[in-house]
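Undergrad: Dropping the sequence and predicted coords here.
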Amino acid sequence: MRFNSDTAAEAGRKGGNRTKDPAKKRDKSLRLTVTQDELDMIDAKANAKGITRTGLVIRAVSEYK
């Protein structure tokens, strides 16, 4: 499919998504520098729970007391 102004609307890229709550948009970033061993550990734990790396970090932070 050729991407132009007509097909952009079909792909949801024309006019932006104004219906999503701004507080729930994941458009912020957090830079995290880790070693390869630490990244492997994060990936293993996330995969074991069936979630993404981001999901794992968010859950860990929300459960931290």
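TA: Done, it's in. Numbering: from 1, shown residues only.
Undergrad: CA only for contacts and neighbour counts going forward, please
TA: OK.
Undergrad: so for the helix or strand containing residue 37, what's the average pLDDT?
TA: Taking DSSP states H and E as the definition, residue 37 sits inside helix 36-49. For helix 36-49, mean pLDDT rounds to 96.
Undergrad: how about that helix: buried residues?
TA: Residues 42, 43, 46 are the ones in helix 36-49 that count as buried (16 or more other Cα atoms under 10 Å).
Undergrad: residue contacts, the closest residue to the first one other than its chain neighbours?
TA: Nearest residue to residue 42, sequence neighbours excluded (Cα to Cα, 6 or more residues apart in numbering): residue 53, at 6.7 Å. Counting by Cα atoms under 8 Å, 6 or more residues apart in numbering, residue 53 makes contact with 42, 43, 46.
Undergrad: May I have the predicted confidence score for residue 53?
TA: For residue 53, the predicted pLDDT is 93.
Undergrad: could you measure it against residue 21, distance?
TA: Distance from residue 53 to residue 21, counting by Cα to Cα, to the nearest Å: 23 Å.
Undergrad: Let's have the contacts of residue 53 in a markdown table, adding distance to residue 35.
TA: Output for the contacts of residue 53, formatted as a markdown table (distance: Cα to Cα, whole Å):
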| residue | distance to residue 35 |
| --- | --- |
| 42 | 11 |
| 43 | 12 |
| 46 | 16 |
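Undergrad: Tell me the buried residues in stretch 52-65?
TA: Quick answer for stretch 52-65 (16+ other Cα under 10 Å): 53, 56.
Undergrad: Using CSV, write out every CA atom in it.
TA: Output of stretch 52-65 as CSV, limited to C-alpha atoms (Å, rounded to 0.1, in the frame of the first residue of the first chain):
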residue,chain,number,x,y,z
THR,A,52,8.0,-6.7,28.4
ARG,A,53,11.1,-5.1,29.9
THR,A,54,9.2,-1.9,30.4
GLY,A,55,6.4,-3.8,32.1
LEU,A,56,8.9,-5.5,34.4
VAL,A,57,10.5,-2.2,35.4
ILE,A,58,7.1,-0.5,35.9
ARG,A,59,5.9,-3.3,38.1
ALA,A,60,9.1,-3.4,40.1
VAL,A,61,8.9,0.3,40.8
SER,A,62,5.2,0.3,41.7
GLU,A,63,5.8,-2.6,44.1
TYR,A,64,8.9,-1.0,45.7
LYS,A,65,8.2,0.1,49.3
